[in-house]
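Participant: Quick check, what structure comes out for this input:
(chains A, B, C and D)
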Amino acid sequence: MEKNLILQVKDLNIEFHDHLIPETVVYDFDLDLRVGEIVGLVGESGSGKSMSALAIAGLLSRKDMKKRGQILFDGVDILTCERNVLRKIQGNDIGIIFQEPMTSLNPLKKIGWQVEEALRIHTELSKEERYYRVIEMLRDVELEDAERIYHQYPHELSGGMRQRVMIAAAMICNPKILIADEPTTALDVTIQAQIVELLKRLNREKQTSILFISHDLSLVRQLCRRVMVMQGGYVVETGDTEEIFNHPREAYTQKLIAAIPKVVRKS
Amino acid sequence: MKYAGKKLLTMFLTLFAVTLFVFLAFHVISGDPASSMLGTEATPARLEALREEMGLNDPVLVQYARWAGRFLTGDMGTSYSYRMPVSDMVTDKIPVTLTLTILAFFMMVLISIPLGIYTAKHAGGVIDRIIYIFNQIIMAFPPFFSGILITLLFGRIFKLFTPGGYISYEKNFWGFVGYLFFPALAIALPKAAMAVKLLRSSVIGEARLDYVRTAYSRGNRTNDVLYKHVLKNALIPVVTFLGMALTDMIAGSIIIEQVFSIPGLGRILLTSISNRDYPVVMAIIVCISLLVLVVNMIVDMIYGLIDPRISVE
Amino acid sequence: MTEQKDILTVSSLCVSFQDRSKGLFQKKNRIQVLKNVSFSMKEGEVLGLVGESGSGKSTLAKAILGLIPYEGKITQVSSYPQMIFQDPYGSLNPAKKVGWILEEPLRLKGGPDSAKRKERVREMLIRVGLDEKFADRYPNQLSGGQRQRVCIAGALMQEPRLLIADEPVSALDVTIQAQILELLERLHKEMGLSILFISHDLRVVYQMCDNVMIMKGGELVEQGTVEEVYFHHKNEYTGNLLQAAGIHI
Amino acid sequence: MKSGKKKNYNFIVGGTITGLMLIFIIIGFFYTPYDPNAMDPSAKFAGISLKHLMGCDNFGRDILSRVMKGAGTTLSVAAGTVFIGTFFGIILGAVTGYFGGILDEILMRVNDAIFAFPSILLALVFISLLGSGTYQVVIALGIAFIPSFARIVRSEFIKCKNMDYVKNARLQGAGHLRIMFVHILPNTFTVLLSAIMIGFNNAVLAEAGMSFLGIGVQPPQASLGRMLSEAQTYLFRAPNYAIFPGLVIILMVLGFSLLGDALKREE
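Facilitator: Numbering: from 1, shown residues only, chains lettered A, B, ... in the order given. Sure, this is the predicted structure:
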């Protein structure tokens, strides 16, 4: 493995078996993620982008699903390793945030409890140490009044704040990789921009690699150096973001870019 | 706290409405209590005198207030058929029905919670399917029929108890509880089957939600996800069901008391209905209503404790 | 362009709701959702309305449609404005076939007989770019884009002159989004339809609209032609929005 | 729609049981092997034989004939009960759910108060007011069943009335009645159907319970509950007297509840 390479996905295939005819949702997915890099994964609904992300996070464990290929993290294949090996990686080395910050938090548990959960599982820190770590982390994701939020429930926070909480919980163990699955889709534009800025800053300061999944090409352009375009389960194009934006090779990529309304002076 | 106060207020309002309804309904239907009491000895003069004495010539609401006031002090009126105070007939029966119901309730909880969690965890497995079939059949059993079968099986064939051999709680409390074991089982079984089914589908439904995926993404074990995250959420609808089941059991015990010849509230309620002994019927219905309302109130309180969203809404 | 008359005039519109979260016996506050909103719309104009969630843009639409009580004055030339909604899954009755749904506006108007209605539905389906066979399908057999086309067809059955489109493409994938925008633009041109286009997406609004209004906290903070607003904005909030959307001038 | 992989066994088994029970009951309306009320002293407690397939009771009446008639009575009572409950439940639930406001507030408070009470208890109150008898049982149980249907219909109406298609219908000029019963009501059918199945079962069990207590159907009319209550006295001597009526109740309820489950899974 290359020295800077932190995650390597080779020939990932995902098949559903919940109907009479098996349905492949991801074909031959390859990905090299390097330390401190932000890679964008773009596609429309049903393109297989979220499925690939869930597989990398080790969250595709349904029995009616078949996966082939390799997802190598630190010499461990996430697809085939033992559950307890996988659990040591989840939350500790790989964090994930989702589209709906409302439903992704347990409605009956306090924010503090949920943010420190990964610490409870992966570290031997005392209760007090954990508390200070959580407060520090909440401040780090730019939540003011962290002490109060620690004792609040998810329904008492706004959408943007909840997504910040999700990021704090995913980043609490300083993971090497953060997977962000459409993290700003449910948010207003101004909040969206703030969250993107936050992700950029965390990436810069902590050297966390980010896999950023989105349907929004212009958003990916703001955040990612490298981008992969998916359609119908296939990666159709991959490369430098600006390169792809300015000279898309594949017809589908061209179509996607053309579909973004342009703001240029009419007169 | 505000939530609790609101619920308490609602409970008292409902109690007021229920008792007023019961009073008015029986007032209209029961005709003239004076002539019922005097029976063949009635003469117009004696009737009028008795009516005046009983306050039957006052406006209905005044009569209701008087009746409610007496009820609160423990005076539930006089039985037409037995010419004795209703309270004497009812008070020593309440513990019997209550014990039977509570016993059945605990059986239901003890059977259903572990089985519900087990079947949810092993959904689709062989044992899950067997339990499903078993559940469906048990739910189809009318409680009195399971009562009859239990009598036949455990009473007559295995001789684990003596059918009809009721032991009063005043004589031997544990003997009393022992006798109530099988009747309680007959009440508990169908409700337990429903609770297993509900808890199973509730846990499975919760497990599909996004926050469960989040919990797994932090490296939780399956059991930790189940017990620390899912279970509390899944119990919310089950608590409602358990509350309703408890009130249903109070009513169900009326029937089961018949099967096992237990002298509880159900027994006198039924005799009083067929004798048209309205003061007794009214008193029992008000007592059961009170129990039902208290149970509902407790369920609401438990809700408030489990779910932080409630006190805000 | 010739001077055209106003199709819709809204002056000092205020809408407030009672705070339902307070209990039965508490003093209730009224929450002001729209504060003194005034604007007008010309015949054949496509007017954009931009705002974030909670800014009151959907409330404004409801007030214009007469779905909620309001204070102030709304004058409309055409009496039956129609609306298309954001969620194409919720705006078609799942229990009815597409044909039935499209015929309903005609039935309600006491319109032509069954055969004529079917003919009109057929024409309209083709007009919005769908096959006439779709009349026999249920909404759950259609994709999001197809549903939105059916919604547009339904809104046009009564031949309104004003169409209110509330985030009509937000729930759709980008490529589908482009197709629906194209369709709306075509219908606008063909039928001379006036469209009040509500959206949070500044890029889409720029593409679609002649004029635009920016709304924040129930107030219109800026209005003008898209060129004015996008390239010479006066309000700070407009600037924030443009920057957040990655539109750097 | 993709077809499921598994066969719906619930539907097959439930449908078969229900079908057989219906045939059994319908035959009973027109033909029974013996007059269900004819007493034959010589056949007192006759065991199971070709002549009397289910044996005879303490008066020498043919149990099979009585079970056929009794099941018919139970079915009719249950059907009447569910009809009253559904009919008024739909009207009440539709009006309160659709219009909301003060009327809804008041009616639903009353409804919830009634709903909190076990239906058997309510029926007992009504019976003691109305007197016992078949029609009284239908009315008493019917009234007791209204609140549960009203609640279900109301919550469905509340869900639907905020849907955009209802707003759309209003914009097109549909009246309230048309919206309620043409646009919204068909959308509640799936939920209503499974509520009817459950309600039907509860009605069968409640009717049997009331007849068992002797306050339902009056003798000499055959009724399953009443047969069981009589059989209880001779339990050891003639267990078949208790077992057959009990079995018929169980099969009726089981068939319907399996069908109800099957419908739920179809969704």
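Participant: what about the most centrally placed residue in chain D, which SS state?
Facilitator: In chain D, the C-alpha nearest the mean C-alpha coordinate belongs to residue D:200, at 2.5 Å (CA atoms, centre = their mean). Secondary structure, DSSP: H, G, I helix; E, B strand; the rest coil: residue D:200 is helix.
Participant: With chain C in mind, check whether the helix or strand containing residue D:166 reaches it.
Facilitator: Per DSSP states H and E: residue D:166 is located in helix D:164-171. Yes - Helix D:164-171 lies within reach of chain C by CB under 8 Å from any CB of the partner chain, at D:164, D:165, D:167, D:168, D:169, D:170, D:171. Heads up, the C-betas are built off the backbone N, CA and C, glycines and all.
Participant: what sits against residue B:295?
Facilitator: Residues in contact with residue B:295 (CB atoms under 8 Å, 6 or more residues apart in numbering or on different chains) are B:243, B:246, B:247.
Participant: scratch that, residue B:147 is what I was asking about
Facilitator: By CB under 8 Å, 6+ apart, the residues touching residue B:147 are B:183, B:186, B:255, B:256, B:259, B:260.
Participant: can we see that at 6 Å?
Facilitator: B:186, B:256, B:259 (CB atoms under 6 Å, 6 or more residues apart in numbering or on different chains).
Participant: Minimum distance to chain C, which residue of the stretch 101-250 of chain B gives it?
Facilitator: residue B:210 (18.6 Å; CB to the nearest CB).
Participant: ok, back up a step: any chance of JSON lines for the contacts of residue B:295, columns distance to residue D:44 and pLDDT?
Facilitator: Shown next, in JSON lines, are these (distance: CB to CB, whole Å; pLDDT from 0 to 100):
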{"residue": "B:243", "distance to residue D:44": "48", "pLDDT": "89"}
{"residue": "B:246", "distance to residue D:44": "43", "pLDDT": "89"}
{"residue": "B:247", "distance to residue D:44": "42", "pLDDT": "87"}
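Participant: Near the residue of the stretch 101-250 of chain B closest to chain C, how many residues? Count them for me, please.
Facilitator: 16 (other CB atoms under 10 Å in any protein chain shown).
Participant: same deal with residue C:158?
Facilitator: For residue C:158, the count of nearby residues is 18 (other CB under 10 Å).
Participant: In the chain, what residue spans correspond to strands?
Facilitator: No chain in the question, so chain A it is. A:5-16, A:23-34, A:38-42, A:65-73, A:76-77, A:94-97, A:177-181, A:209-214, A:226-231, A:234-240 (DSSP state E).
Participant: Mind listing the strands the first one pairs with, and their directions?
Facilitator: The partner list of strand A:5-16 in its sheet, established with DSSP bridges, is strand A:23-34 (antiparallel), strand A:65-73 (antiparallel).
Participant: what do you get for the last one?
Facilitator: Strands adjacent to strand A:234-240 in the sheet, as given by DSSP bridges, are strand A:226-231 (antiparallel).
Participant: ditto for the fifth one
Facilitator: The strands that strand A:76-77 pairs with in its sheet are strand A:65-73 (antiparallel) (by DSSP bridges).
Participant: For stretch D:77-88, which outside residues touch it?
Facilitator: Identification of contacts with stretch D:77-88 by CB under 6 Å, 6+ apart yields D:137-138, D:141-142, D:145-146, D:149, D:196, D:199-200, D:203-204, D:207.
Participant: cool, stretch C:133-145 as well?
Facilitator: Stretch C:133-145 has contacts (CB under 6 Å, 6+ apart) with C:88, C:92, C:94, C:97, C:98, C:99, C:121, C:125, C:172, C:176.
Participant: need the residues of chain A near chain D, please.
Facilitator: Counting by CB under 6 Å from any CB of the partner chain, chain A comes close to chain D at A:19, A:20.
Participant: For chain B, what's the nearest residue on chain A?
Facilitator: Taking CB to the nearest CB, chain A has residue A:91 as its residue nearest chain B, at 3.6 Å.
Participant: Check the contact between that residue and residue B:219; I expect there is one.
Facilitator: Yes - shown here, residue A:91 and residue B:219 form a contact pair, counting by CB atoms under 6 Å, at 3.8 Å.
Participant: now residue A:50: how far from chain D?
Facilitator: According to CB to the nearest CB, to the nearest Å, residue A:50 stands 20 Å off from chain D.
Participant: what is the residue nearest to that residue when sequence neighbours are not counted paired to in the beta sheet?
Facilitator: In space, and not counting its chain neighbours, residue A:50 is closest to residue A:181: 5.6 Å by CB to CB, 6 or more residues apart in numbering or on different chains. In this entry, residue A:181 is beta-bridged to residue A:213, by DSSP bridges.
Participant: Please name every helix or strand in contact with the longest helix along chain A.
Facilitator: Longest helix in chain A, counting residues (DSSP state H): helix A:189-206. Using 3 or more CB pairs under 6 Å, 6 or more residues apart in numbering or on different chains; DSSP states H and E as the contact test, the elements touching helix A:189-206 are helix C:236-244.
Participant: packing partners for the helix it packs on?
Facilitator: Against helix C:236-244 (3+ CB pairs under 6 Å, 6+ apart) you get helix A:189-206.
Participant: Show me which residues of chain C sit near chain A.
Facilitator: Chain C comes close to chain A at residues C:52-53, C:173-175, C:178, C:203-204, C:206-207, C:240, C:244-247, as judged by CB under 6 Å from any CB.
Participant: Could you pick out the buried ones from these?
Facilitator: For the residues of chain C next to chain A, a burial check counting by 16 or more other CB atoms under 10 Å in any protein chain shown picks out C:52, C:173, C:174, C:178, C:203, C:204, C:206, C:207, C:244, C:245, C:246, C:247.
Participant: residues touching the third one, list them.
Facilitator: Meaning residue C:174. residue A:259.
Participant: Check the gap between it and residue A:26 for me.
Facilitator: As judged by CB to CB, to the nearest Å, residue C:174 and residue A:26 stand 20 Å apart.
Participant: Tell me where the longest helix sits in chain D.
Facilitator: Max-length helix for chain D by DSSP H is helix D:63-99.
Participant: Now do the next helix or strand after that helix: everything it contacts.
Facilitator: Toward the C-terminus, helix D:63-99 is succeeded by helix D:101-115 as the next helix or strand (DSSP H and E). Residues from elsewhere that reach helix D:101-115 (CB under 6 Å, 6+ apart): B:14, D:96, D:147, D:150.
Participant: Let's see that with 8 Å instead.
Facilitator: Residues contacting helix D:101-115 (CB under 8 Å, 6+ apart): B:14, B:17-18, D:92, D:95-97, D:122, D:144, D:146-148, D:150-151, D:154.
Participant: Just the CA coordinates for it, please, in PDB.
Facilitator: The C-alpha trace of helix D:101-115 is given here as PDB (Å, rounded to 0.1, in the frame of the first residue of the first chain):
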ATOM      1  CA  GLY D 101     -61.000  23.100  16.000                       C
ATOM      2  CA  ILE D 102     -63.200  23.300  19.000                       C
ATOM      3  CA  LEU D 103     -65.700  20.700  17.800                       C
ATOM      4  CA  ASP D 104     -62.800  18.200  17.400                       C
ATOM      5  CA  GLU D 105     -61.400  19.100  20.800                       C
ATOM      6  CA  ILE D 106     -64.700  18.400  22.600                       C
ATOM      7  CA  LEU D 107     -65.800  15.300  20.600                       C
ATOM      8  CA  MET D 108     -62.300  13.800  20.900                       C
ATOM      9  CA  ARG D 109     -62.100  14.400  24.600                       C
ATOM     10  CA  VAL D 110     -65.400  12.600  25.000                       C
ATOM     11  CA  ASN D 111     -64.200   9.900  22.600                       C
ATOM     12  CA  ASP D 112     -61.000   9.400  24.400                       C
ATOM     13  CA  ALA D 113     -62.800   9.200  27.700                       C
ATOM     14  CA  ILE D 114     -65.000   6.500  26.300                       C
ATOM     15  CA  PHE D 115     -62.100   4.800  24.600                       C
END
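Participant: Right, I'll leave it there.
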